[in-house]
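>>> Fold the following and give me the result.
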Amino acid sequence: MVRATFQGAGVDILSGAKTVLTATGPLANARFWSPDDPYLYDVYTMLTVDGKVVDVNKTDYRVPQDGIRGRRRHGRRVYQ
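Numbers count the residues shown, from 1 in each chain. The predicted structure follows:
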């Protein structure tokens with residue numbers, strides 16, 4: 001199991017408003033996704049208000065090998 005926690009900057013958002021938030025950091029020992037090994041991670045995004053978790057969203061995520069869509073490596077297409 002790989003587990004990592006990333007923190008983003010706190011923001012104030014009005015009820016009903018939309019915004020994009022980001023959080024980044026290293027992910028040690030990640031398994032890259034490929035057609036031969038289509039490994040997916042479960043990524044949980046937690047929304048907290050005043051230190052209390054008020055919403056959780058689960059997303060499947062694949063770690064790209066090179067970050068460039070449609071690139072070829074060793075004669076095979078690498079998917080992002």
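>>> from here on, contacts and neighbour counts on C-alpha atoms
Will do.
>>> Do a quick rundown of the helices in this protein.
Remark: helices of the chain are absent; assignment by DSSP state H.
>>> Low-confidence bits of the protein, can you list those?
Along the chain, segments meeting pLDDT under 70 span 1, 66-80.
>>> For the closest residue to residue 25 other than its chain neighbours, give me its contacts.
Excluding its sequence neighbours, the residue lying closest to residue 25 (Cα to Cα, 6 or more residues apart in numbering) is residue 6, at 6.0 Å. Applying Cα atoms under 8 Å, 6 or more residues apart in numbering, we find residue 6 in contact with 23-25.
>>> tally of neighbours for residue 55?
10 (other Cα atoms under 10 Å).
>>> hang on, it packs against residue 48?
Yes: contact criterion Cα atoms under 8 Å: residue 55 and residue 48 qualify, at 7.2 Å.
>>> quick one, strands of the chain?
Under the criterion DSSP state E, the chain contains strands at 41-49, 52-61, 71-73, 76-78.
>>> Run the chain-centre distance for the longest one.
For strand 52-61, the distance between its averaged C-alpha position and the chain's averaged C-alpha position is 11 Å (Cα atoms, centre = their mean, to the nearest Å).
>>> Which strands or helices does it pack on?
strand 41-49 (3 or more Cα pairs under 8 Å, 6 or more residues apart in numbering; DSSP states H and E).
>>> hang on, the earlier thing: turn the contacts of residue 6 into CSV, columns for distance to residue 12 and neighbour count.
CSV is the format used below for the contacts of residue 6 (distance: Cα to Cα, whole Å; neighbours: other Cα atoms under 10 Å):
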residue, distance to residue 12, neighbour count
23, 16, 9
24, 20, 9
25, 22, 10
